[in-house]
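> Turn this into a model:
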Amino acid sequence: MIRALAPLAFACFFALTPVATQASDVTIDTAAGPATVPFEPAKTVAFDIAAIDTLDAIGVMPAGIVNRLYVDYLGSIEGQAAIVGTLFEPDFEALNAMQPDLIILGPRTAASAEALQRFAPTIDMSIWGDDFLQQTMGRLAAYGQIFNRTETADRLKSEFQDLIDAARLAVKGKGKALIVMTNGPKISAYGEDSRFGWLHRELGIAVANDGIASSRHGEAISFEYIQQVNPDWLIVIDRAAAIGQIGDNASQTLDNALVADTIAWKQDQVIYLDSAKAYIASGGIQATGDIIRTITDAFSK
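Reported below is the predicted structural model:
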């Protein structure tokens with residue numbers, strides 16, 4: 001009787017035992033094209049603040065990060081993750097000791113991709129080009145795939161799209177804007193094709209002057225230039241504040257008679273973005289969402 005039941009019991013055991021359906025690898029889109037990486041890596045290193053921002057949003061704690069995150073809302077991560085280098089320079093000894101399963105790079109460390117491949121699969125998740133917001137959502141989806149957080153990523157993507165739609169509605173027909181960055185006493189303007197041009201291209205904010213050079217670092221301008229362009233809105237990023245440098249802040253730099261002669265200044269339509277989020281963590285789903293909210297709130301007044 002026991003022998004007769006054995007095959008049945010054996011079959012029942014396998015019928016009741018969960019079958020492993022999770023893949024050991026997953027293919028995602030990166031800045032360098034499709035890449036295959038480990039599924040649910042146990043130890044992930046991130047050299048990009050935007051990546052750390054989005055990982056935090058989906059509930060993933062990186063094992064290794066850069067020595068400074070610049071944004072206060074990620075402060076709890078700094079106390080838990082190991083330091084494996086800076087935004088520009090990986091610490092190879094620390095990486096060798098950690099033996100990570102995945103390394104995520106951004107624009108400031110992308111050049112180190114080949115060297116880092118010997119420690120773990122390495123992906124460049126930089127965001128470049130015209131479709132900034134779509135790439136931001138694409139990175140969110142990719143991290144959702146890698147870390148088995150697709151439901152969370154889908155929910156965040158839907159909320160993010162709602163923010164975009166609200167901003168587009170808020171800015172419509174509300175006048176033209178000039179995007180400037182201050183760096184102490186220096187000022188640069190950023191046009192539609194610049195690193196901050198997505199505010200124009202993808203949110204629909206009208207451009208005050210379409211003659212700005214398409215340089216990643218902006219075009220150096222004077223206070224007279226701002227007066228001549230006479231924008232309805234000034235959108236301001238303070239680089240010195242973003243990286244923690246001491247000196248005149250943006251409001252002090254811009255507080256002069258020439259800028260005060262503009263429509264933007266007279267009508268209290270100067271928008272000071274959270275500079276660390278705009279300059280350092282741009283492309284992170286949390287930072288970018290907050291920038292969009294700031295735009296919506298300002299244009300809705």
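> Could you name the helices and strands sitting against the longest helix seen in the chain?
Longest helix in the chain, counting residues (DSSP state H): helix 150-171. Using 3 or more C-beta pairs under 8 Å, 6 or more residues apart in numbering; DSSP states H and E as the contact test, the elements touching helix 150-171 are helix 132-146, helix 285-300. Just so you know, the C-beta spots here come from the backbone N, C-alpha and C atoms, and that holds for glycine as well.
> Just checking, which helix or strand succeeds that helix along the chain?
As assigned by DSSP states H and E, the chain's next helix or strand after helix 150-171 is strand 176-183.
> next structured bit after that next one?
strand 186-190.
> in that next one, what's buried?
Across strand 186-190, burial judged by 16 or more other C-beta atoms under 10 Å covers Ile187, Ser188, Ala189, Tyr190.
> which one of those residues is nearest Ile146?
Taking C-beta to C-beta as the measure, Ile146 sits nearest to Tyr190 out of the buried residues of strand 186-190, at 32.2 Å.
> and Arg293, what does it touch?
Leu163 (C-beta atoms under 8 Å, 6 or more residues apart in numbering).
> Where does pLDDT dip in the stretch 201-301 of the chain?
Residue ranges of the stretch 201-301 of the chain with pLDDT under 70: 247.
> Spell out the residue ranges of the helices in it.
All helices of the stretch 201-301 of the chain, identified by DSSP state H, counting those that start in this stretch, fall at 223-229, 239-242, 250-254, 257-260, 263-266, 275-279, 285-300.
> which one of the ones you listed lies closest to Asp53?
Of these, nearest to Asp53 by C-beta to C-beta is helix 285-300, at 5.0 Å.
> what comes up buried for the closest one?
Neighbour-count burial for helix 285-300 [16+ other C-beta under 10 Å]: 285-292, 294-296, 298-299.
> hey, C-alpha coordinates of it in PDB?
Taking Å, rounded to 0.1, in the frame of the first residue of the first chain, the C-alpha atoms of helix 285-300 are listed here in PDB:
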ATOM      1  CA  ILE A 285      11.100  61.000 -10.200                       C
ATOM      2  CA  GLN A 286      10.700  62.800  -6.800                       C
ATOM      3  CA  ALA A 287      12.900  65.800  -7.700                       C
ATOM      4  CA  THR A 288      11.400  66.300 -11.100                       C
ATOM      5  CA  GLY A 289       7.900  66.000  -9.700                       C
ATOM      6  CA  ASP A 290       8.600  68.700  -7.200                       C
ATOM      7  CA  ILE A 291      10.000  71.000  -9.800                       C
ATOM      8  CA  ILE A 292       6.800  70.500 -11.900                       C
ATOM      9  CA  ARG A 293       4.700  71.200  -8.800                       C
ATOM     10  CA  THR A 294       6.600  74.500  -8.200                       C
ATOM     11  CA  ILE A 295       5.900  75.600 -11.800                       C
ATOM     12  CA  THR A 296       2.200  74.700 -11.600                       C
ATOM     13  CA  ASP A 297       1.800  76.500  -8.300                       C
ATOM     14  CA  ALA A 298       3.500  79.700  -9.600                       C
ATOM     15  CA  PHE A 299       1.600  79.900 -12.800                       C
ATOM     16  CA  SER A 300      -1.700  79.100 -11.100                       C
END
